[in-house]
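1. Model the structure of this input:
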Amino acid sequence: MRGLALILCLALPACVAGEAVMQETTRSLARSAVNSAAAQHLPGVNVTPFTDCVINNAQTGELIQLAQYASAGTNGAAQAWPVVRTIASRPEATQCLVRSLSTTQMLSVGGLAL
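-> Numbers count the residues shown, from 1 in each chain. Model prediction:
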């Protein structure tokens with residue numbers, strides 16, 4: 001019984017660490033997809049703050065979906081863009097964009113009717 005408890009105590013932290021790695025990998029891949037989509041659809045806009053706002057306001061399912069598009073190249077950017085627009089149009093994401101982007105960049109982004 002003690003042996004089983006010891007194994008569980010050792011295995012549980014490994015599972016938690018594995019989950020954290022998986023979440024970080026998913027976020028990293030999703031970030032790549034958002035960067036590609038934003039660079040393609042928002043020329044002249046610094047995509048880093050835009051991407052940060054989108055990633056920080058995405059739901060888990062959206063992050064997974066975006067991560068899947070990351071490996072699809074140019075086609076992935078086109079597939080990711082509707083998801084990116086949906087996330088960017090949320091009030092919290094819009095507030096983040098207002099705080100993060102310059103006036104000129106906001107005009108560029110706003111011109112696309114996010």
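2. use CA for all of it now, contacts and neighbours both
-> OK.
3. Can you tell me the centre-most residue of this structure?
-> Ile55 (3.1 Å; Cα atoms, centre = their mean).
4. tell me which element the closest residue to that residue other than its chain neighbours falls in.
-> Nearest non-adjacent residue to Ile55, counting by Cα to Cα, 6 or more residues apart in numbering: Arg31, 6.5 Å away. Arg31 belongs to helix 2-41 when assigned by DSSP states H and E.
5. Does Ala58 belong to a helix, a strand or coil?
-> Following DSSP: H, G, I helix; E, B strand; the rest coil, the label given to Ala58 is coil.
6. An error on my part: the question was meant for Asn75.
-> With three-state DSSP as the criterion, Asn75 reads helix.
7. follow-up on the earlier one: contacting residues for the residue nearest to Ile55?
-> By Cα atoms under 8 Å, 6 or more residues apart in numbering, the residues touching Arg31 are 51-52, 55, 66-67.
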